[in-house]
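K.L.:
Everything below, folded, please.
(one chain, ligands or ions: 1)
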Amino acid sequence: MGGGRGRRSNPAGDSIPQLCHRTPGVPIDVPVPTPPHVPQPRPPRPHCCVSLQASCSVSPQDLAVPNAGWSAAMCEQYQRLLRCTTNGSWRRIPSYRRGLDHLPEVLQMTVDPGPGPRLFLRNVDAEGAGFEYAIFLHASGRRTRCLCQVGPYLEGHQGFAHGGAIATLVDTTVGTCALAAAKMSAMTAKLSISYLAPVPLGAVVVADSRVEQHEGRKIFLSCQVCDTQRDTLYAEATALFIQVEDNNSPPSPAACPQR
Ligand SMILES: CCCCCCCC(=O)SCCNC(=O)CCNC(=O)[C@H](O)C(C)(C)COP(=O)(O)OP(=O)(O)OC[C@H]1O[C@@H](n2cnc3c(N)ncnc32)[C@H](O)[C@@H]1OP(=O)(O)O
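P.N.:
As a prediction, this is how the structure comes out:
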């Protein structure tokens, strides 16, 4: 699963379009980070739930749409991806402040009204400061594409994204793909990431994920994170998700091994 850099094949042997091009041994041209813009605080937004079991009194705010913190490059790529939705081959997934309520047809969770916890990626209110992203789901239900602008609050090494931020982006992209494929809740059991090039703060990246194999409760996925021109492969990953009955009640923790 996963295969070598820039070339992959799925278990059925079909070739998968090459997404990123990078010649081994050739230094990568790391783009100069665009100066981080001054984050603008988002206006307070109403809280609500997306649930098939609870009625909403206030419409939740979809955050996977352009805002003042999006760069011109982010807006341009978003519009490009949006055009792919007109023929039904892709669909944009709305994203809210609350957790796993963005695929309501998969997760029919009852969400209590109230402030509640926030989805990790949506925990920064200042527009453009954290993760700005929109996920698109392929009509097959087995591929996701996440467009993400990496904000200045995600800094690790100076001027570059923290590895954990990239892991979060990957986990969310493959996780959404797993949920759609499973049509039920699924949790990350294993995530393996190769970091191949640092991601400059302010960069707009595309994470492409697909289901490689679905065996019983196990969903094996792959993911590649590239720049929008597909010139630089920033990271590639494989993941294993396990379907679980109810996301609110994960299995009891396994006993710790005795030392
Ligand atoms: C925003 C939308 C996207 C969301 C993306 C974010 C997703 C997340 O971050 S989830 C949070 C992080 N993940 C977790 O906290 C999960 C913690 N782990 C667990 O809860 C459990 O171990 C869990 C659910 C993964 C599996 O537990 P359980 O349901 O009991 O499965 P279990 O019966 O042990 O295993 C089922 C199969 O999977 C395999 N398996 C389970 N874990 C692993 C693993 N880590 N590696 C390899 N195989 C595994 C088992 O070997 C077994 O295989 P087989 O059927 O062939 O014997």
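
K.L.:
Sort out which residues of stretch 69-77 are buried, please.
P.N.:
For stretch 69-77, a neighbour-count test (16 or more other Cβ atoms under 10 Å) marks 69, 70, 71, 74, 77 as buried. From N, CA and C alone the C-beta is placed, and that goes for glycine too.

K.L.:
for the third one, phi and psi?
P.N.:
Looking back up the chat, that one is residue 71. When read as degrees, to the nearest 10, the backbone of residue 71 gives phi -70, psi 170.

K.L.:
Is the residue of the stretch 51-200 of the chain found nearest the ligand part of a helix or strand, or is it coil?
P.N.:
As assessed by Cβ to the nearest ligand atom, the ligand sits closest to residue 175 within the stretch 51-200 of the chain, at 2.4 Å. Here residue 175 takes the helix state, with states given by DSSP: H, G, I helix; E, B strand; the rest coil.

K.L.:
That one: neighbouring residues, count only.
P.N.:
23 (other Cβ atoms under 10 Å).

K.L.:
which of the buried residues of stretch 69-77 lies closest to residue 131?
P.N.:
Using Cβ to Cβ, residue 69 is the member of the buried residues of stretch 69-77 that lies nearest residue 131, at 10.7 Å.

K.L.:
low pLDDT regions in the stretch 101-250 of the chain?
P.N.:
Applying pLDDT under 70 to the stretch 101-250 of the chain picks out residues 101-115, 246-250.

K.L.:
Residue numbers of it in contact with the ligand?
P.N.:
With Cβ under 6 Å from any ligand atom as the criterion, the stretch 101-250 of the chain comes near the ligand at residues 171-172, 175-176, 187-190, 217-218, 240, 242, 244, 250.

K.L.:
the helices in the protein, which residues?
P.N.:
72-83, 163-182 (DSSP state H).

K.L.:
Please identify the most buried of the ones you listed.
P.N.:
helix 163-182 (a mean of 23; mean count of other Cβ atoms under 10 Å).

K.L.:
Which strands or helices does it pack on?
P.N.:
Judged by 3 or more Cβ pairs under 8 Å, 6 or more residues apart in numbering; DSSP states H and E, the packing partners of helix 163-182 are strand 131-138, strand 143-150, strand 186-195, strand 204-215, strand 218-227, strand 233-243.

K.L.:
Please identify the deepest-packed of those strands.
P.N.:
The highest mean neighbour count among these, using mean count of other Cβ under 10 Å, belongs to strand 143-150: a mean of 25.

K.L.:
What pairs with it, parallel or antiparallel?
P.N.:
strand 131-138 (antiparallel), strand 204-215 (antiparallel) (DSSP bridges).

K.L.:
who touches the shortest one?
P.N.:
Contacts with strand 131-138, where a contact means Cβ atoms under 8 Å, 6 or more residues apart in numbering, come from 64-65, 67, 69-70, 74, 78, 81, 84-85, 89-93, 95, 102, 121-122, 124, 143-151, 154, 165, 168-169, 172-173, 176-177, 180.
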